[in-house]
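Peer 1: Prediction below, plus the sequence it came from.
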Amino acid sequence: MKLAFFDAKPYDMEGFDRCAEGTELEIKYFETRLNEDTVSLAAGFDAVCVFVNDTVNKRVVDKLSEMGVKMIALRCAGFNNVDVKECYGKLHVYRVPAYSPYAVAEFAMAMILTIVRRTHKAYNRTREFNFSLSGLVGFDLHGKTVGIIGTGKIGRIFADVCKGFGVKLLAYDKYPAKDADFSYVELPELLQRSDIISLHCPLTEETDHIIDKKAIAQMKPGAIIVNTSRGALVDTEALIEGLKEKQVGAACLDVYEEEGDLFYEDFSGHIVRDDKLVRLISMPNVLVTSHQAYLTEEALGNIAETTVDNILRFFQGEPDAEREVCYRCEKQADCRKKRQKKCF
Ligand code: NAI
């Protein structure tokens, strides 16, 4: 079993090498991302392993299938970068549905505490022996209202984390959980009542720019937006306008609409040409991190273990149906995957 591993980083290789040791899996690491220009590198491989910023569009899918690749092993949960409808009947797509929802939920809270209590600024000040407190006034989280959009694995854990701070919780989800111990409201009400809004839903056609100009106008003046899910959930231009007009009080962004060309690489010696990102980073009330919410030892270990397991089991003819994406019919009553545990 030959695996072409794209967008490989040293912290990925360690865990994957450990999990593949002693198995039939042979891994070739490519530093480059998978896209239309690099897809030919996958010739002669049985499977490809991709991450959040690889581009698996129709052309890439067709080329992979033509070259005899059988499987796409996503080493992440989200699959918005893969045209899964195009994969139907051609390539099987497996993912890691959960590797550490705690990592992302805890990181969202870390970002909130940082921006609210200005610890990033305090750290820089004291390193230069500046012990002034001017400009560092924060606010208590206790008693504030936190709105959670998307109450799946990460959103639920984030809710639990929030409870420890004594905040009031509001939630919005297209498919509300039946056993939740917080209140669901419609999206406009969540926007109007929340002091902090944290996004934990996937990126779909419906959620693309769920936070746009209209949504921002409905928010409490000064509300904080936290996005640790996918960049395109937030319309960046609308966010910048909202921040300039002080309608948005602060933003914590672990993901960014156009992150694909920048995140995970070192541009410290270059002029970054993305004016929107540069504008955001220049604002004192914006915290940008480069899609690192998942990056814990536990998560990396689970990602490697589950991905290697997905590949081995697929080629041994005993795949885990739960980890294969549903190509056409997810969540519909007559879904074939629900009945037969597979789409094709
Ligand atoms: P999940 O599938 O357990 O939960 C997603 C929730 O969103 C579900 O409850 C679903 O019903 C809800 N949802 C779906 N469509 C919606 C809509 N139109 N409006 C409101 N809610 C909707 O997913 P999980 O594991 O909690 O992950 C959430 C997202 O976090 C992922 O889709 C991914 O984009 C992001 N993520 C980010 C990471 C990072 O490092 N920054 C790492 C892992 C995930």
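Peer 2: The structure has been received and is ready for your questions. This one's a predicted model, so the numbers in the text were calculated from it and none came from an experiment.
Peer 1: Can you pull out the residues in contact with stretch 310-320?
Peer 2: 1, 3, 23-25, 46-47, 49, 70-71, 73, 92, 94-96, 309, 323 (Cβ atoms under 8 Å, 6 or more residues apart in numbering). In this view, the C-beta of every residue, glycine as well, is placed from N, C-alpha and C.
Peer 1: buried subset of those?
Peer 2: For the contacts of stretch 310-320, a burial check counting by 16 or more other Cβ atoms under 10 Å picks out 1, 3, 25, 46-47, 49, 70-71, 73, 92, 94-96, 309, 323.
Peer 1: And Y256, how close does it get to the ligand?
Peer 2: 11 Å (Cβ to the nearest ligand atom, to the nearest Å).
Peer 1: try D62
Peer 2: For D62, the distance to the ligand - Cβ to the nearest ligand atom - is 26 Å.
Peer 1: And the strand or helix carrying that residue, what's buried?
Peer 2: For D62, the host element (DSSP states H and E) is helix 58-66. Neighbour counts over helix 58-66 (16+ other Cβ under 10 Å) mark V60, V61, L64 as buried.
Peer 1: which residues of the stretch 51-200 of the chain fall in helices?
Peer 2: Taking DSSP state H, counting those that start in this stretch, the helices of the stretch 51-200 of the chain run over residues 58-66, 84-87, 101-117, 119-127, 153-163, 187-193.
Peer 1: got the buried residues for the fourth one?
Peer 2: Going by neighbour count (16+ other Cβ under 10 Å), the buried part of helix 119-127 is A122, R125.
Peer 1: when you give positions from now on, start the count at 19
Peer 2: With 19 as the first residue, the last one maps to helix 137-145.
Peer 1: what's in contact with it?
Peer 2: With Cβ under 8 Å, 6+ apart, helix 137-145 has contacts from L131, T132, F149, S150, G153, L154, P302, L305.
Peer 1: how far away is the second one from L305?
Peer 2: Think T132. T132 sits 6 Å away from L305, going by Cβ to Cβ, to the nearest Å.
Peer 1: Now the common contact residues for those two.
Peer 2: Both T132 and L305 are in contact with H138, C270, where contact means Cβ under 8 Å, 6+ apart.
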